[in-house]
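[1] show me the folded form of this:
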Amino acid sequence: MTGKPERTVGDMAGDADATGIRQAAGKVEDLYGQAKEAARNATDSAASYAKQVYRQSSDGSQAVAKLVQNNPLGSLLIAGGVGFALALLLRQPAPRQRRGRYYD
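    Next comes the predicted model:
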């Protein structure tokens, strides 16, 4: 008489454990799927953004090329001014002359 109720309780406990394990496995699979989808969406977004930036940069370079073709002398003067400004910024200052008792 006592064997049957114990076996029934044992079966229920085993089923509860198995059900909990299946539920946990389902949650893990769901989280994995969500992470995979988020990574796919992020990759697609980054690729579309990179394509957009590339298109805009090529349009900008074409516009600059057209401006240079239309006004070569002005472009040359601007390039020379930028080069002169860079030269002033990058030059090293002249060494200072030290005077004093230990430097003469």
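[2] quickly find the element holding Val68.
    Element membership for Val68, per DSSP states H and E: helix 3-70.
[3] average pLDDT for that helix?
    Across helix 3-70, the average pLDDT comes to 77.
[4] and it, how far from the chain's centre?
    17 Å (CA atoms, centre = their mean, to the nearest Å).
[5] helix or strand right after it?
    Scanning forward in sequence from helix 3-70 by DSSP H and E, the next helix or strand is helix 72-90.
[6] dead centre of this protein: give me the residue that sits there.
    The structure's the chain has its C-alpha centroid closest to Ala46; by CA atoms, centre = their mean the separation is 8.1 Å.
[7] on that earlier part again, what's the angle from the helix holding Val68 to helix 72-90?
    Counting by axes from the mean of the first three to the mean of the last three CA atoms, to 10 degrees, helix 3-70 lies at 120 degrees to helix 72-90.
[8] tell me which other helices or strands helix 3-70 touches.
    Helix 3-70 sits against no helix or strand, with contacts defined as 3 or more CB pairs under 8 Å, 6 or more residues apart in numbering; DSSP states H and E. In short, each C-beta sits where N, CA and C put it, glycine included.
[9] rewinding a little: next one: the residue nearest to the centre of the chain from Gly60, what distance?
    Per CB to CB, to the nearest Å, Ala46 is found 21 Å from Gly60.
[10] for Gln97, same thing?
    49 Å.
[11] who has more neighbours out of these two?
    Taking neighbours as other CB atoms under 10 Å, Gln97 and Gly60 compare with Gly60 leading, 10 against 6.
[12] distance-wise, check that one relative to Tyr32.
    Taking CB to CB as the measure, Gly60 falls 42 Å from Tyr32.
[13] tell me, how many residues neighbour Ser75?
    By the criterion of other CB under 10 Å, Ser75 has 14 neighbours.
[14] I'd guessed it sits against Leu67; true?
    Yes - Ser75 is within contact range of Leu67, at 7.0 Å (criterion: CB atoms under 8 Å).
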